[in-house]
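Engineer: model this:
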Amino acid sequence: MNYKETDFSFLYDDLTEEYGNEQGKQLYILMCEKYTNLSDREANRI
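Structural biologist: Residues are numbered from 1 along each chain as shown. Now for the predicted structure:
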């Protein structure tokens with residue numbers, strides 16, 4: 001996955017700058033999963 005092409009590329013940059021490449025990447029992946037789950041739940045609620 002090219003993180004620079006996602007909607008949250010700025011967050012990836014911020015996380016890797018703050019926490020280092022590997023931990024920042026893992027935090028970004030977790031954030032994307034949570035965001036996807038919230039989006040799916042909201043879409044199913046409507």
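
Engineer: who's in contact with the residue most central in space within the chain?
Structural biologist: The residue lying closest to the centre of the chain (Cα atoms, centre = their mean) is C32, at 3.2 Å. Counting by Cβ atoms under 8 Å, 6 or more residues apart in numbering, C32 touches 6, 8. Heads up, the C-betas are built off the backbone N, CA and C, glycines and all.

Engineer: so it is in which element?
Structural biologist: Using DSSP states H and E, C32 maps to helix 21-45.

Engineer: identify each buried residue in that helix, please.
Structural biologist: 24-25, 27-28, 32 (16 or more other Cβ atoms under 10 Å).

Engineer: how far off centre is that helix?
Structural biologist: Counting by Cα atoms, centre = their mean, to the nearest Å, helix 21-45 is centred 5 Å from the centre of its parent chain.

Engineer: give me the mean pLDDT for it.
Structural biologist: In this model, helix 21-45 has an average pLDDT of 90.

Engineer: let me see the contact set for R41.
Structural biologist: Counting by Cβ under 8 Å, 6+ apart, R41 has no contacts.

Engineer: tell me which element D7 is part of?
Structural biologist: Using DSSP H and E, no helix or strand contains D7.
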